[in-house]
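Peer 1: return a 3D structure for these sequence lines:
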Amino acid sequence: MSVATSHRSTAFQVRSLFRSLLRQSSGFSNYNFREYAHRRTVDGFRAHQKESEERRIQELIQDGLQNLRLMKRQTIISQFYQLDKLVVEGQKTGEETGNQGGIVRQKDTGWD
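Peer 2: Below is the predicted model of the structure:
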């Protein structure tokens, strides 16, 4: 295998791993975990984008694959413990009242 073919193969592996990690990070049900996994993935790849030693690149790929397996397990576990959506996620909030199950927003007036 030539050096150019080796670099293309490695580059393909790295891009594939990056896309897989980003796709898996969107599987978390909790907004904070989802954003942390996305940010950590991007930051990790940016930190090592200048690596040129083939052995170090393969070590980083193996580490990334291990993190992908861990993330897959954690996203499945997080599906069991879903909480209410946060305000930043843009979902309707409030209490369900009435026969039609609509959401009524209750205003907290505080001290007047």
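
Peer 1: show me where the protein has its strands.
Peer 2: Per DSSP state E, the chain carries strands over the ranges 95-97, 102-104.

Peer 1: so residue 10 sits against residue 55, correct?
Peer 2: No: applying CB atoms under 8 Å, one finds residue 10 not in contact with residue 55, separated by 11.4 Å. Backbone N, C-alpha and C define where each C-beta goes, glycine included.

Peer 1: for those two, indicate the residue with more neighbours.
Peer 2: Neighbour tally, residue 10 and residue 55, criterion other CB atoms under 10 Å: the higher count belongs to residue 10, 14 against 7.

Peer 1: give me the number of residues near the closest residue to residue 13 other than its chain neighbours?
Peer 2: In space, not counting the residues next to it along the chain, residue 13 is nearest to residue 61; the distance is 5.8 Å by CB to CB, 6 or more residues apart in numbering. The criterion is other CB under 10 Å. On that basis, residue 61 has 15 neighbouring residues.

Peer 1: how far away is the closest residue to residue 57 other than its chain neighbours from residue 30?
Peer 2: The spatial neighbour of residue 57 that comes closest, neighbours along the chain excluded (CB to CB, 6+ apart), is residue 51 at 5.4 Å. Separation of residue 51 from residue 30 (CB to CB, to the nearest Å) stands at 32 Å.

Peer 1: which of these two has more neighbours?
Peer 2: Set side by side, residue 51 and residue 30 give different neighbour counts by other CB under 10 Å, the larger being at residue 30 (15 against 12).

Peer 1: confidence-wise, which helix or strand of the chain is lowest on average?
Peer 2: Comparing every helix and strand of the chain by mean pLDDT, DSSP states H and E singles out strand 95-97 as the least confident one, with a mean of 55.

Peer 1: ok, and the closest non-adjacent residue to residue 65?
Peer 2: Counting by CB to CB, 6+ apart, the nearest residue to residue 65 once its immediate chain neighbours are dropped is residue 17, at 6.7 Å.

Peer 1: quick one: contacts for that neighbour?
Peer 2: For residue 17, the contacting residues are 61, 64-65, 68, by CB atoms under 8 Å, 6 or more residues apart in numbering.
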